[in-house]
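Asker: I would like to see how this sequence folds:
(2 chains)
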Amino acid sequence: MGEFTVHRVRFFHYMPSGICAMAFNRRTERLAVARTDGSVELYSRTDHFFQEKVVPGRQQRSIQALCWVGKRLFGAGLSGEIAEFDLDNLRLKFSQDAYGGPIWSIVCNPQGTHLAAGCEDGTVKLFEILEDQIRFERNMGGQKGRIISLAWHSSGTKIAAGMIDMIKVFDLDSGNAVQRLLVERGSRMQQSQECVVWSVLFLSDIIVSGDSAGKVKMWDVNTGTLIKNHQVTEWDVLTLSVSQDETSLFAGTSEGTVVQFQLLDVVLGQEEKEWVRTRTFKNHTHDVIALAEADTVIISGGMDTQLVVRPLLDKLDFKSRDSSLLKILFPQRSLVSCAKKAGLLLFQYPTHLELWLKTCPSVHLMCLFPVRLGLQGEDHVCCSAVAPCGEWIAYSTTSGIRLYRLQRDNKNVSITKVPKLPKVLRHAHQLCFSPDSSHLYGTTSSAVHVVALTSAGCKFEHSLKPNSCVDSDGKFLASANSNSEIHIYNMHKLKAHCTVPVYRSGVSAMGIHPETNNLVIVHADHQIFEFSIEQMQYTDWSRRVQKEGLHHVWLERDTPVINVTFNPQNPNHVILHDSYMFCIIDQSLPLPDRKSQFHNQLTLKSLPEAERLKHSHAFKECKLYQPLLCVDMLENQSLVVVERPLLDITTNLPAPVRQKKFAT
Amino acid sequence: MVESSEVRVVRCGGSRINVAAPVISVDSRFLLCASGDLVKVFSTSTEEWVHVLQGHTNVVTGITLNPANQLQVYSSSADGTVRLWDFTDGILIKTFVIGYPIATLLVSNKHEGILFLVVPAKDNSNSECLQLVAAHVPKTLEQEVEVRELSSVLPNISPNPRAVGFGREGEYIASAEGLKLIVYFFRDQKPYRFNLSKSTKKGAKNTFTCVSCHPKDDCVATGHEDGKIRLWRNFNQKKEYTYTTLHWHHSVVNTLCFTPEGTTLLSGGIESVLVQWQYDRNSKYILPRLGGSITHISVSADGSLFTTSHSDNKITVIQSNLKVSAVIQGLVKGEAVHTDLVIDPRSKALVLNGKPGHLQFYSLQRDKQLYNLDIVQQEYIYQEGLDQYEVVKAAFDAHGSCLATVEERGKKLSDTEITLKFWDYNETAQRYTLTCQKVFCAVWISTLNILYFSSFVLNTTVMTPHDNRITSMCFFPTAETTMVVTTARDGCFKAWLLGQESDTEKQGTDGPSWSCDFVGRYHDLQPTNCCFSADGSLLAVSFQEVITIWNPETWELLTTLCQPPGNIKDLCFGRLSCSRYLLATTTKNMLCCWNLLTCSLEWSTSIAVTLLKADPLSENMAVFTLQKEQTDLFVFKPCEPRPLFTQNALCVGEVQRAIFVPREEPLDNCDESSLWLNRSQLYCLTENMDLLAFTTKIEDDSLISRKLVCNLTLIVFEKHIKRVSCSIFCLVTINPVCHLLPTQAVIDDSVAVTPFYLLLGKHRQREQEMCGLPVTEQQGRAQLPQGSVAVREVRSRVPWKCLVMVYSTRSRVVLLLIFVCVCVCVCVCVLFYTFSCYTRRLMSCPQRPSYATCL
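Answerer: Sure thing, here's the model as predicted:
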């Protein structure tokens, strides 16, 4: 399959941030995940938890709670503001101060007309949701003691508020607290510590609370008495989640476990039912802070930064890709851009960029030294790109795009900011340079903007509509949007060329072959298409792939393909990579049939030369480097592999709670 | 050939009592357990064997109370019958003949008149495959009923009796086999099956090991190989079933049991820890260090008592607050008996491997373990795969004042560790401790649960006495010299001698110690066996094919005997009139007899001998042979060509160990076939670890009847004596020997005088021996039958032979005095007690004046 010089890069200190809130929208089947750096990620459940959109974070923004109202997403945090996210333009739509100190929790009522926010000052503030803003309606409560958690009854007339050492039930008509449920403190050492009700749920006839004494308690709504008490852990129960039919309940604890409770018949076939603790899942090493249940799966996230999607096997009918455990740790987009000609690497951190230059080109190992670009303002980087020639660097935040020019003479590097960027280009979801580095393409939700770059400065050329994923060779530009529509533009004529038929799954990566002008599209469900731009139809190879079908091992991979590149030496080679492998597809070889062995490199090695050809197939996987953030080909037949060892991430996490281990 | 009708082979106790789960009677007073082909009834408070339900002809596999009448019990057996007993009186009520060997028996309140049995599947010839059948019991008045109506309920049942259980008042039955759990609902007649994968990525082993169902809720608890317990719920759904996992055990969960109210779940496994789980809470209590891995747990009907059966053949009775209240200990059997069967000459107890690293002293007469002697003196860790020390050899000297033991560890030669230990019987330091919490019972009944702590004191420890495994060890047979000879695979035999007092005084130690006296070799051959002649003048050591005869005083090699082919397996000298003969068996199936006077082969015969044993009190020799998987026994005298006794097809498989146990009182049986049993009794241990005894018919019958009578009377006594006992306890603990005395005194008034006679008689005899007659003890005892007829008469009236067993070197007069003391005390106490009762009753009377007048 050819040999490459591999530059193994391990100095990209990418650090994912912890998950602090989650909300699942059952109507649109979208999961919103808030991280500690203030960013919000949107995952599509129907597309096997493909990360569709990312709203970049901002310094000093912390999100404590997320709440879907219809298709609108609200968030609130310790800054004391309630904000709505603009999911089209991937930024804040508005934010409004609640004037109650830090907000710990927001919920919306089942009708979707009001928002309730639990504040530090002990009040529950009600907001009316209007068309494009929210309006304060009234206060409830008002005694000392912060409100940590909130839950709205399905009738919409009562709110349960978890506080310190107690739960209060408010009546919405009168605005008064109708019940006070006292939560006892933990035993032994914790007697002096106050008991925080971290999470509360309001089911049709019971209130469920999870507290810092490690207990899950079921309370009767009418009498306010304790029905059942489950000691789940010695540490805290941080979050609760209930299924839609209210027969199953999950609790996330500080130990990293997720405990399931089920409402089961005490005696089969009779009315009497009881909440019974059933299964325990342990997929996290740290606190489980957020939980969401989506019919057949339970999604958990916490301090250890990974999103775990655990299928509930009793609700699945047959074994499929959905019935396996999914762990999402790395971003499903590329944070590294590579200048192929110049041998430059640009690493994108939330608050700064790092540029690594290759100073002595003859040596195999990249001998680089970093250039840091500090950011102005509080916004985090949304996207970044480096031009193939290595002269231009561009990045975008939600507030603006910045373009830098890089000048190298011998060993001195100077970076100058290019002033006067066109006003149209205020914010971009994706940035891309043309292969000859003469143009910069930036995409917004509505259009692709083209900026011509000259040594003197830059000039806005044109806006092409409409558009997220961008790839271009000199002549054509392809852009895909979140509805998985792909538009192809002819850059010479500066007009739309054609569109690619829409496929049901989102586009995770694509690339235009520099020689044949074929567009290779990889979707989130791992289907591969090859579209001939010139002929405006799928190529024969693509039709063959669709006809014969891809191998099930390939289709069952759990991380989507991030990047598509091509081998300049061999036009038949397409290089794809996801977080755990990179794969070279040789289009001249036959496709693997369903029964054949997919990972056959080892068996091929043992076979004699003559037989090898007979058994080899198009897919060659390499799992030598893990986990991967970027794989790219440089000009001189060398491969750049950017790794981020898991151990480095886990050592940078805070220490988990102490647990007794057997035989220690 | 001699008719062998008079000689019986009986399974003399020592059978496994942990095969089936024990049952506690409704009033919690009795505990029933299967023991071989018997069902034994024990008292839960005194641990004493009350009576026995005898009738099955094969191993009893299950016992359950009759749900219709709680005073009756069903027992199932591999002989294909189910029997119904009245266990309070020990009467067989009915016998149901099923016709198939029964593995497990289950009954339920809901299914009256139906017995659920696990029997081999009919269509399948191999016995591996079992099925659960329901047997409808016909209502007839006949004693023996044949049950023909068998309807199959479930196929593929695990042979493990703990893997089947009734749920919620008999609504369903749960059975686990391999990786499958089946729940069968009787109402819907519908089974639900649940499968687990064999193992997971994290190394869980999911094979089911046991099942228990919650008595009230629909919840099934299953135990698994990796120590997990799963609580299954919603199991009437194909898909939406669910389970909770409890995990404390680190290896296999052997057994599970819900308490009758369903508030707690008990589990036990190899760790020998009883775990009590709270059913609806996530908390547990544990009771550790129970001694052996737990095989069964059962709970009394009111939930106040738990019993656990252990792999070391023990049943522990535990109160619901997790306090051990009683221990019933059978003959401990590990996987193998490494030590030969040995008789302790002092206590007449059978000595063999006991608990790991212990020697057990087991009273054959009482079928009860006396105590365990810790040989290894290291903590035993209950975990699989650990290489532990094991006692492999034990030998007593003629008086029982010295014990030599060998322990070894390590399977490979390179890491074998061998230790030879010498123990002294220490009279002064001997402490008797009564562990029974009801001491009064211990005094009045013979249920003494005595631990003879440090009755043997370690004298010398020899680390690595030989470079390789020790193959045999024997003591010098007479009391004049204390010498031990050991042979080992490193090619030499060593003689160990107890040092002189004078030597050790110089060194300042507290007593003489053992040291190596002589190392003998012969042509670099490996010694296999050693044996002293009866008078100790010759030592025979076999070196593979050659037998060498040594003089133990001068260590001179006298002669060699050889009869190839085949290595020597067993070696023994003839006794008494046949002492000129030396017998040996070889691996090439030869039995040879040499005449030591001529040093020539007297006779030899080709016979597949597995074991050769000599009777220490007579000329008789016993030979066990293996033919066609069956063991035959021949008893013969070396000088006579005709065998005295032949027993064909004694048992299936090889006899592993055997021993002649000297009788306390020789029989004067004139029947020719059982003449050889007069002086001593033959015991043998089969491949299945059953202890078999050869008895005569008359002896057998009298023994059982006597035992039953005295046990019953004693149980009645138990209740009345509670208060008096305290004072007696003080007395008893003062003197270490008198614990055995009151037994007879209470049972039979007329016997109260007899021990005096007996003891005096024995004492005089001993005095005569001491005076001048240089008779060995063996001969002295052999003379006993010729002694006074009166003594024998007295003995036959003594119901328990324990009394005679007391061989303390103390003066019998002391014994006598103390006994008188005890008797007087008892009388006084009884009087005092009755008087105090009387006075109290009077005190409570409203009319005071009458009290005065009464006085």
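Asker: what's the first-to-last distance across stretch B:560-568?
Answerer: Start and end residues of stretch B:560-568 are separated by 13 Å (Cα to Cα, to the nearest Å).
Asker: show me where pLDDT drops low in the stretch 1-150 of chain B?
Answerer: Residue ranges of the stretch 1-150 of chain B with pLDDT under 70: B:1-6, B:11-14, B:122-128.
Asker: Most proximal residue of it with respect to chain A?
Answerer: Going by Cβ to the nearest Cβ, chain A is nearest to residue B:110 of the stretch 1-150 of chain B, at 14.3 Å. In this view, the C-beta of every residue, glycine as well, is placed from N, C-alpha and C.
Asker: likewise the stretch 301-450 of chain B?
Answerer: residue B:383 (10.7 Å).
Asker: so who does the closest residue to residue B:629 other than its chain neighbours touch?
Answerer: Leaving aside its sequence neighbours, residue B:629 sits nearest to residue B:652 (Cβ to Cβ, 6 or more residues apart in numbering or on different chains; 6.2 Å). By Cβ atoms under 8 Å, 6 or more residues apart in numbering or on different chains, residue B:652 lies in contact with B:629-631, B:686-687.
Asker: Over to residue B:346?
Answerer: B:399-401, B:425, B:807.
Asker: what does the model give it for pLDDT?
Answerer: Note on residue B:346: pLDDT of 80.
Asker: Relative to residue B:491, how far out is it?
Answerer: From residue B:346 across to residue B:491, the span is 35 Å (Cβ to Cβ, to the nearest Å).
Asker: lowest average confidence, helix or strand, in the chain?
Answerer: You didn't say which chain, so I picked chain A. Lowest on mean pLDDT, DSSP states H and E among the helices and strands of chain A sits strand A:469-472, with a mean of 62.
Asker: was after chain B, sorry
Answerer: Sorting the helices and strands of chain B by mean pLDDT, DSSP H and E puts helix B:742-747 at the bottom, at a mean of 30.
Asker: interface residues of chain B facing chain A?
Answerer: Selection of chain B residues close to chain A by Cβ under 8 Å from any Cβ of the partner chain yields B:168, B:216-218, B:233-236, B:239-245, B:250, B:280-283.
Asker: In helices, which of these fall?
Answerer: Secondary structure defined by DSSP state H assigns none of those to helices.
Asker: How about the contacts made by residue A:399?
Answerer: A:377, A:379, A:426-427.
Asker: try 6 Å this time
Answerer: Applying Cβ atoms under 6 Å, 6 or more residues apart in numbering or on different chains to residue A:399 gives the contacts A:377, A:379.
Asker: and what of the one 4 residues further on?
Answerer: Taking Cβ under 6 Å, 6+ apart as the criterion, residue A:403 is in contact with A:394, A:418, A:421.
Asker: Of all pairs in the contacts of residue B:652, which one spans the longest distance?
Answerer: The span of the contacts of residue B:652, defined through Cβ to Cβ, is set by B:629 and B:686 at 12.3 Å.
Asker: For those two, indicate the residue with more neighbours.
Answerer: residue B:686 (19 against 9; other Cβ atoms under 10 Å in any protein chain shown).
Asker: Could you list everything the spatially closest residue to the more buried one that is not a sequence neighbour pairs with in the sheet?
Answerer: Nearest residue to residue B:686 in three dimensions, chain neighbours excluded: residue B:651, at 4.7 Å (Cβ to Cβ, 6+ apart). Beta-bridge pairing for residue B:651 (DSSP bridges): residue B:631.
Asker: Quick check: residue B:651 vs chain A, distance?
Answerer: Residue B:651 sits at a distance of 44 Å from chain A (criterion: Cβ to the nearest Cβ, to the nearest Å).
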